[in-house]
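Q: Make a model of this:
(4 chains)
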2 protein chains.
Amino acid sequence: MEHQPKKKATIYDLSVLSGSSPSTVSAVLNGTWRKRRIKESTAELIRDLADRHQYTANLQARGLRSSRSGLVGLLLPVHDNRYFSSMAQSFEAHVRSRGQCPIVVSACRDPEEERRTVETLISYSVDELIVAGATDPDGVHAVCIGSGLKHVNIDLPGSKAPSVISDNYQGARMLTEAIIRHFSDDLKLGPDELYLFGGRDDHASRERIRGFRAIKRELMQGDSDKCIEPTGYSPNMAQIAFERFYEREGKLPRGLFINSSINFEGLLRFMAQHPNEAFLDIVVGCYDYDPFGSFLPFPVIMIRQDIEGMITKAFEIMAENRPSVQTYLIQPELVPPRTALKGPLDAIKDIA
Amino acid sequence: MEHQPKKKATIYDLSVLSGSSPSTVSAVLNGTWRKRRIKESTAELIRDLADRHQYTANLQARGLRSSRSGLVGLLLPVHDNRYFSSMAQSFEAHVRSRGQCPIVVSACRDPEEERRTVETLISYSVDELIVAGATDPDGVHAVCIGSGLKHVNIDLPGSKAPSVISDNYQGARMLTEAIIRHFSDDLKLGPDELYLFGGRDDHASRERIRGFRAIKRELMQGDSDKCIEPTGYSPNMAQIAFERFYEREGKLPRGLFINSSINFEGLLRFMAQHPNEAFLDIVVGCYDYDPFGSFLPFPVIMIRQDIEGMITKAFEIMAENRPSVQTYLIQPELVPPRTALKGPLDAIKDIA
DNA sequence: CATTTTTGCACAATCGATGGTGCAATGAAT
DNA sequence: ATTCATTGCACCATCGATTGTGCAAAAATG
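A: Predicted structure coming up:
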């Protein structure tokens, strides 16, 4: 790496070069110059100098003075699954289109880490924040309020800030019904053959369980507590749950409602230990969409949450000056087996 | 949202409260106080005040003064696939463990956007940058050098900065060989039945193609140009390529080398249009690992790149003071069909 | 030509933290 | 009792931009 760290030009450098004052240069370069009645020709001169010297504003200085930063944050639980990575992708596009700079961070579902991370973002004066799938949204809220940071919860609601979430109850109803109806009449599923795996004690899981049970009672006239196995959001715990079930019963339930694609990965781990024959007659419904998951060797019905819709709504809310603390439900979509949906990447031109 | 934007406490506030000077407060709170011979008791007092008032440093101010920020950047092409989202996940863990703040941004494979984004990061005085899969690494390099920003390429190499990439040639050889050997003797694959789809004119694609062809010649005594179909990194283009092939030949090649999981999604889209029977006898090798992809209804052999290894190496290089401009190869791993590997998420404790 | 208005810009304070320098008070040494 | 070293901290310039204010020169008005 050959170095040539010619320090970056500042407004003071341009001020000297142009013969104008720093404030004039500043005004010209940040667009407020008309308001300050700077002559067109002066502006032109300065702009010219600026890009001849590759001037770019020091955003820390600007941020310090104006206590805004042009940064918009997205706090994720984790990066590594298609739901949240799609969210990051949509988020970035939105923020970019508003001329701001997106920054995405994850906090591993750790309430402590969530708060620390947001503290850090605040120290950089991020202008707005979307809090996605936080384990402790109200804790994050407390931190935000302390510094007047605008924020909206998404995916998991909080009780103190506006929230945009998908309609988990409806979604779970659709998904459960689709699983049941996927079985033909002669192989009809019994209430004890339809299980829900995954999730924990959060709002989304509770709603999904509620929807699941409601439909079971409506369509199957039966539902028992033992058909629910929360495993947390970890592939490993889910795998263990599947293994235990299999050991106990000698087979998996024919109907499986899986709470998230992360838990679905637990089923994959289970699959790796067992021959495909063990999955011949099962039907899986997964609350989350993953394109590869949709084409597995058994029917996989998925719910795709309307990420784009949620993000859009979240930004709308943040644009209001005194948003009301309420939870907005966004309708998700049922995805039949073997479906390859387009995603945020399709918006990107690829120069083959 | 009830507001209570009690503006954040500054060292000046604490200075008044403690009766010490701002510089003393600053020194105490940033850890340089022993060097400045501050009395233990003074320090204690100030620390006490600081957390009673929930002081947190204004990092923009600190960054402005010290022209460093504590930020470490990762520039990705896109978020939305398991390869890059795993990378983001590993990256975050690394940066966090060093007490810095990770920020992940994507630039959509657009050279212009890549440079602009890095400009922005520089304006925030990011301390270091990992440039992953950049379309124009040398363009990014030019921007970085202008401000002395330490950076390392990863995934795709540049010619002006150190690069860490996976050994695409070896990986492609392993993968191609695995595909060929997956066919039994009586159903042996012919050279004209093994195609490579996807990729574009970048270093990784070229190396993979080179490895692919080398093995074809060694093992099959044959290889022709028509067996290579670069489609860019887009699901859509790949789908179109598969459709065209299918129309022309009435079937897909029995052996498919797919350049990336993104292109693999193109095959999914194709699959959605055709019955499973069209895939009965195919074997897919995909250069990239996706847990769900590994369990599709036909054999899928995958290459998992050693993301953790690449990130680790990249940080090692950035720690050197005058790293040499060379390309380090990291060995990837062959993943047999129906394999569920652990990923960065498994490092995260889940409070079920 | 005298006065008012408008134009065009410079000045200087400010945002919050950092770090070099200088100086008084205290203790040690002679 | 002096002198010297050490301790403990305050002072102030600085990083690069923003923004309210003030004031000369030019233009418009009577």
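Q: how many neighbours does residue A:23 have?
A: As a burial measure, residue A:23 scores 12 neighbours (other Cβ atoms under 10 Å in any protein chain shown). For every residue, glycine as well, the C-beta is placed using N, CA and C.
Q: Can you confirm whether the strand or helix carrying it lies near DNA strand D?
A: Per DSSP states H and E, residue A:23 falls inside helix A:22-30. Yes. Judged by Cβ under 7 Å from any atom of the strand, helix A:22-30 comes into contact with DNA strand D at A:22, A:23, A:26, A:27, A:29, A:30.
Q: list the contacts for the first one?
A: Contacts here follow Cβ atoms under 8 Å, 6 or more residues apart in numbering or on different chains; on that basis residue A:22 touches A:11, A:12, A:15.
Q: same question for the helix or strand where residue A:302 lies, mean pLDDT?
A: Using DSSP H and E, residue A:302 sits within strand A:300-304. Throughout strand A:300-304, pLDDT has a mean value of 98.
Q: one step back: could the residues of helix A:22-30 next to DNA strand D go into JSON lines alongside pLDDT?
A: Putting the residues of helix A:22-30 next to DNA strand D into JSON lines (pLDDT from 0 to 100) gives the following:
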{"residue": "A:22", "pLDDT": "96"}
{"residue": "A:23", "pLDDT": "96"}
{"residue": "A:26", "pLDDT": "97"}
{"residue": "A:27", "pLDDT": "96"}
{"residue": "A:29", "pLDDT": "96"}
{"residue": "A:30", "pLDDT": "93"}
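Q: got the residue ranges for the strands in the stretch 51-200 of chain A?
A: With DSSP state E, counting those that start in this stretch, the ranges of strands along the stretch 51-200 of chain A come out as A:71-76, A:101-106, A:128-132, A:150-154, A:163-166, A:194-197.
Q: Show me what the last one is packed up against.
A: In other words, strand A:194-197. For strand A:194-197, the packing partners by 3 or more Cβ pairs under 8 Å, 6 or more residues apart in numbering or on different chains; DSSP states H and E come out as helix A:168-182, helix A:203-215, strand A:228-229, helix A:235-249, strand A:255-258, helix A:261-273.
Q: For chain A, which residues are neighbours of DNA strand D?
A: A:7-8, A:10-12, A:22-23, A:26-27, A:29-30, A:32, A:36, A:55, A:57-58, A:61-62, A:64-66.
Q: Restricted to helices, list these.
A: A:11-12, A:22-23, A:26-27, A:29-30, A:61-62, A:64-66 (DSSP state H).
Q: Mind putting these into CSV with distance to residue A:151?
A: CSV is the format used below for those (distance: Cβ to Cβ, whole Å):
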residue, distance to residue A:151
A:11, 32
A:12, 36
A:22, 35
A:23, 34
A:26, 30
A:27, 32
A:29, 30
A:30, 26
A:61, 25
A:62, 22
A:64, 22
A:65, 23
A:66, 20
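Q: In contact with residue A:264, which residues?
A: Under the criterion of Cβ under 8 Å, 6+ apart, the neighbours of residue A:264 are A:198, A:238, A:258, A:284, A:286, A:288, A:290, A:293, B:292.
Q: Name the nearest residue to the second one, ignoring sequence neighbours.
A: Read it as residue A:238. Sequence neighbours aside, residue A:266 is the residue nearest to residue A:238 in space, at 2.4 Å (criterion: Cβ to Cβ, 6 or more residues apart in numbering or on different chains).
Q: these two touch, right, the one you found and residue A:199?
A: No. In this structure residue A:266 lies outside contact range of residue A:199 using Cβ atoms under 8 Å: 11.8 Å.
Q: Mutual contacts of the two, please.
A: Joint contacts of residue A:266 and residue A:199 (Cβ under 8 Å, 6+ apart) are residue A:231.
Q: Please work out how many residues are found near the residue in the stretch 201-350 of chain A positioned nearest to DNA strand C.
A: Going by Cβ to the nearest atom of the strand, DNA strand C is nearest to residue A:321 of the stretch 201-350 of chain A, at 22.4 Å. Per other Cβ under 10 Å, the neighbour tally for residue A:321 reads 6.
Q: Any idea which residue of the stretch 51-200 of chain A lies closest to DNA strand C?
A: Residue of the stretch 51-200 of chain A nearest DNA strand C, by Cβ to the nearest atom of the strand: residue A:65 (3.4 Å).
Q: Roughly how far does that residue sit from residue A:11?
A: According to Cβ to Cβ, to the nearest Å, residue A:65 stands 12 Å off from residue A:11.
Q: Among the strands of the stretch 51-200 of chain A, which one carries the weakest average confidence?
A: Averaging pLDDT over each of the strands of the stretch 51-200 of chain A puts strand A:101-106 lowest, since it has a mean of 91.
Q: nearest residue to residue A:331 other than its sequence neighbours?
A: In this structure, residue A:331 finds its nearest non-sequential neighbour in residue A:167, 5.4 Å apart by Cβ to Cβ, 6+ apart.
Q: Settle this for me: that neighbour is touching residue A:332, isn't it.
A: Yes. Here residue A:167 reaches residue A:332: they are 6.4 Å apart, a contact under Cβ under 8 Å.
Q: which one of these two has more residues nearby?
A: residue A:332 (26 against 18).
Q: so what's that one up against?
A: With Cβ under 8 Å, 6+ apart, residue A:332 has these contacts: A:166, A:167, A:170, A:171, A:174, A:303, A:304, A:305, A:306.
Q: can you check residue A:60 too?
A: Residue A:60 neighbours (Cβ under 8 Å, 6+ apart): B:60, B:61, B:63, B:64, B:69, B:123, B:124, B:125.
Q: do residue A:57 as well
A: Counting by Cβ under 8 Å, 6+ apart, residue A:57 makes contact with A:29, A:30, B:123.
Q: filter these to the buried ones?
A: Buried members of these, scored by 16 or more other Cβ atoms under 10 Å in any protein chain shown, are A:29, B:123.
Q: Which single one of the contacts of residue A:57 is nearest to residue B:338?
A: Top of the list for closeness to residue B:338, among the contacts of residue A:57 and by Cβ to Cβ, is residue B:123 at 47.7 Å.
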